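Peer 1: quick check, what structure comes out for this input:
(one chain, ligands or ions: 2)
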Amino acid sequence: MIILDNVSKTYDYQVALSNISLTVEKGEMAFVTGPSGAGKTTLFKLLYLAEKPDEGTLTIAGFNAADLKDSAIPYLRRNIGVVFQDFKLLNNKTVYDNIALALRIRGIVEREIKERVHSVLKMVNLRHKADSYPLTLSGGEQQRITIARSIVGEPTVMLADEPTGNLDEENEKEIMKIFKHINNKGTTILIATHNRALFENTAKRVFLLEGGRLVKGEEK
Ligand SMILES: Nc1ncnc2c1ncn2[C@@H]1O[C@H](COP(=O)(O)OP(=O)(O)O)[C@@H](O)[C@H]1O
Ligand SMILES: [Mg+2]
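Peer 2: Numbers count the residues shown, from 1 in each chain. Ligands and ions are numbered 1, 2, ... in the order given. The predicted structure is shown next:
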């Protein structure tokens, strides 16, 4: 589902990723970890085509990212659900409208939008918050809405960059439970985190980055 082959990325003179090769299988849930500055976010930006690699090839959800025309990027992105720090909720729109937005852009009829929004809200246990505004919700609730928004388009792959970053342990557990549920339904998930607690007691694969190099996890 995700294949990186010898991918490198340098910003100006700063090497962010160096010769990364890794594969995430269809239906897998895997983690990317490493200290701050290791290259985790850069890796996710490459997968979302927000940045281009300097070298190497990258395949995600059946698309060869290196060969993709810019006009095809929106189609690829429909197959990817993202929970990124810079993809915040819109504070002047209700929870319902925040989640519905991506479906409206695709021209889906409102009746179906309503069904799908309520179904993802139910999944994150926040159906009663549909008419609330983001700033009236707790940090954990806002993050659950962000997750609901990321999956309402039924992506085949989900990318979550530090999804529990600012949350306490209880919310962290709740978020991980939601990810497991999404993964059990068949979505491939890659999670970047510097928090070992998220994967320590799981049998999931962990890719360890240090200084832009993959130092552990390339083998299955
Ligand atoms: N837009 C950018 N311009 C220049 N350097 C950057 C940029 N984004 C990230 N970097 C650098 O690339 C390296 C990897 O950063 P990043 O991918 O954000 O790591 P992580 O998410 O693991 O903390 C760091 O040295 C960082 O300072
Ligand atoms: Mg980061």
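
Peer 1: so what's the gap between the helix or strand hosting residue 119 and the chain middle?
Peer 2: Per DSSP states H and E, residue 119 falls inside helix 110-123. Mean-position distance between helix 110-123 and its chain equals 20 Å (CA atoms, centre = their mean, to the nearest Å).

Peer 1: residues touching the helix or strand following that helix, excluding its own?
Peer 2: Using DSSP H and E, the next helix or strand after helix 110-123 towards the C-terminus is helix 139-151. Here helix 139-151 makes contact (CB atoms under 8 Å, 6 or more residues apart in numbering) with 81-83, 87-89, 95, 98-99, 101-102, 117, 120-121, 123-126, 129, 134, 137, 158, 160, 163-164, 166-168, 170-171, 174-175, 178-179, 182, 187. (C-beta placed from N, C-alpha, C; glycine too.)

Peer 1: any of the residues you listed buried? List them.
Peer 2: Buried by 16 or more other CB atoms under 10 Å: 81-83, 89, 95, 98-99, 102, 117, 120-121, 123-124, 126, 129, 134, 137, 158, 160, 163-164, 167, 171, 174-175, 178-179, 182, 187, out of those.

Peer 1: secondary structure class for the most centrally placed residue in the chain?
Peer 2: Compute the mean C-alpha point of the chain, and by CA atoms, centre = their mean the closest residue is residue 159, 1.9 Å away. Assigned by DSSP: H, G, I helix; E, B strand; the rest coil, the conformation of residue 159 is strand.

Peer 1: that one reaches residue 48, doesn't it?
Peer 2: Yes. With contact defined as CB atoms under 8 Å, residue 159 reaches residue 48; the gap is 6.3 Å.

Peer 1: which neighbours do these two share?
Peer 2: 80, 82, 84.

Peer 1: return the closest of the residues you listed with respect to ligand 2.
Peer 2: residue 84 (9.3 Å; CB to the ion).

Peer 1: what number of residues lie near residue 146?
Peer 2: A count of neighbours around residue 146, defined by other CB atoms under 10 Å, yields 24.

Peer 1: measure it to ligand 2 for me?
Peer 2: 16 Å (CB to the ion, to the nearest Å).

Peer 1: what of residue 149?
Peer 2: With CB to the ion as the criterion, residue 149 and ligand 2 are 20 Å apart.

Peer 1: residues of stretch 61-76 that come out buried?
Peer 2: Result for stretch 61-76 [16+ other CB under 10 Å]: buried residues 61, 63, 65, 68, 76.

Peer 1: ok, those residues vs ligand 2, which is closest?
Peer 2: Nearest to ligand 2 among the buried residues of stretch 61-76: residue 65, at 19.7 Å, using CB to the ion.

Peer 1: thanks a lot, catch you later.
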